[in-house]
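S.K.: this one's structure only:
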């Protein structure tokens, strides 16, 4: 991912253990996991909202095109009535 191998990760974990201590490290990991989970939920919520907006726009365009087709058909019917 970042070009870190097993040895580098072990060194980072040992340094974190020395800095925070064995009691605080699990709490930090737990809070970090919760924060990442909340971030994922929020970002997926934003993506869902964007998809809804796009689908609403496309539905609106479909309704407009259907209305145009119906109007054109009505005009054709009126022209046929006038010719008769």
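M.R.: Yes, it's here. On a predicted model such as this, the values are computed, not experimentally measured, just so you know.
S.K.: so how many other residues sit close to residue 42?
M.R.: Neighbours of residue 42 under the rule other Cβ atoms under 10 Å: 10. Any C-beta I mention is one placed from the backbone N, CA and C, and that applies to glycine too.
S.K.: Which secondary structure element is home to it?
M.R.: helix 6-83 (DSSP states H and E).
S.K.: Return the distance of that helix from the chain's centre.
M.R.: 1 Å (Cα atoms, centre = their mean, to the nearest Å).
S.K.: Show the average pLDDT along it.
M.R.: In this model, helix 6-83 has a mean pLDDT of 80.
S.K.: so what's the backbone phi/psi at residue 3?
M.R.: The phi and psi values for residue 3, taken as degrees, to the nearest 10, are phi 80, psi 20.
S.K.: Mind pulling up the pLDDT for it?
M.R.: We note a pLDDT of 80 for residue 3 in this prediction.
S.K.: How about the contacts made by it?
M.R.: With contact set as Cβ atoms under 8 Å, 6 or more residues apart in numbering, residue 3 has no partners.
S.K.: Relative to residue 12, how far out is it?
M.R.: Residue 3 is 13 Å from residue 12, where distance means Cβ to Cβ, to the nearest Å.
S.K.: Between the two, which contacts overlap?
M.R.: Common contact partners of residue 3 and residue 12 (Cβ under 8 Å, 6+ apart): none.
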